[in-house]
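Chemist: Build the 3D model from these lines:
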Amino acid sequence: MELHGSTALVTGSNRGIGHAFATELLRRGAKVYATARRPELVDIPGVEVLRLDTLDQSTVDAAAAAARDVDVLVNNAAFTAGGNLVDGDMDAIRAVMDSNYYGTLAVVRAFAPVLARNGGGAILNVLSVAAWATVDGNSAYAAAKSAQWGLTNAIRVELAGQGTQVSALVPGMTATEPMKAFAAEFAPDLPAGAMNEPADLVNLALDGLEAGELEILDRYGVQAKNLLAGPPRAFDLSGLTA
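Modeler: The predicted structure follows:
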């Protein structure tokens, strides 16, 4: 997938990893639609801003109608704070599952015909190592990311016939505001440098997308994928190193 000269749409572009994706895609020579539930919070010069709430079908459909030239779709927007499954708040659990699974699916369904008309293009879904090793304290998020991983593998098969590359970014902890707050509560002794910087992660992701990688893994992603060959285990925050 050649990013220079492409047209990309990024969900959740107002902060964190989504902001970094929109900024770096623009730097690499792509036209960028930067979307958010609150588009007034997107502050990236040179992008075209659209409102897109992945859980509001009307905004998803409107974005697909407006961005007819998209050939790269980055599904980044998702809630992260679901809590634990057994004793957590059911509304929070539903929200994290809805945004990661059904929200991603809604955007894929709306943009798959757009990508097909534009030659196939590529989809990049932003996952997490939590898909492969659950996280005590936020097991709802881990379950939602597991579901999103299954979704990613399924749409890869379904969209192969139209020539759409479907890739997954599977990183460990990244220094976004929600993740820093989670680490402060559950891993207060986390060493400096243990979390990815968003810009570094995005460069890894876009290099992998251009290289045609189907799963793009950081160092923690590699470790978590290897764990799948053994018995299930939780993600060990104490094992993170700089």
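Chemist: following the helix or strand hosting Ile155, which helix or strand shows up next?
Modeler: Using DSSP states H and E, Ile155 maps to helix 139-159. Once the chain leaves helix 139-159, the next helix or strand it forms, by DSSP H and E, is strand 165-170.
Chemist: Report all helices and strands that that next one contacts.
Modeler: strand 122-126, helix 139-159, helix 198-210, strand 215-217, helix 219-227 (3 or more C-beta pairs under 8 Å, 6 or more residues apart in numbering; DSSP states H and E). Quick note: C-beta positions are derived from backbone N, CA and C, even for glycine.
Chemist: centre of the chain versus it, how much separation?
Modeler: 9 Å (C-alpha atoms, centre = their mean, to the nearest Å).
Chemist: the inter-axis angle of it versus helix 139-159?
Modeler: 160 degrees (axes from the mean of the first three to the mean of the last three C-alpha atoms, to 10 degrees).
Chemist: Direction included, what does strand 165-170 pair against?
Modeler: strand 122-126 (parallel), strand 215-217 (parallel) (DSSP bridges).
Chemist: what comes into contact with the first one?
Modeler: Under the criterion C-beta atoms under 8 Å, 6 or more residues apart in numbering, residues 1, 17, 71-76, 78, 104, 108, 111, 115, 148, 151-152, 155, 159, 164-169, 171, 205, 209, 216 lie in contact with strand 122-126.
Chemist: least trustworthy helix or strand in the chain by mean pLDDT?
Modeler: helix 177-186 (a mean of 64; mean pLDDT, DSSP states H and E).
Chemist: just to revisit the earlier point, same list (the helices and strands packed on strand 165-170) but as JSON lines, adding mean neighbour count and mean pLDDT.
Modeler: JSON lines is the format used below for these (neighbours: other C-beta atoms under 10 Å; pLDDT from 0 to 100):
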{"stretch": "strand 122-126", "mean neighbour count": "25", "mean pLDDT": "98"}
{"stretch": "helix 139-159", "mean neighbour count": "20", "mean pLDDT": "97"}
{"stretch": "helix 198-210", "mean neighbour count": "19", "mean pLDDT": "96"}
{"stretch": "strand 215-217", "mean neighbour count": "20", "mean pLDDT": "98"}
{"stretch": "helix 219-227", "mean neighbour count": "17", "mean pLDDT": "90"}
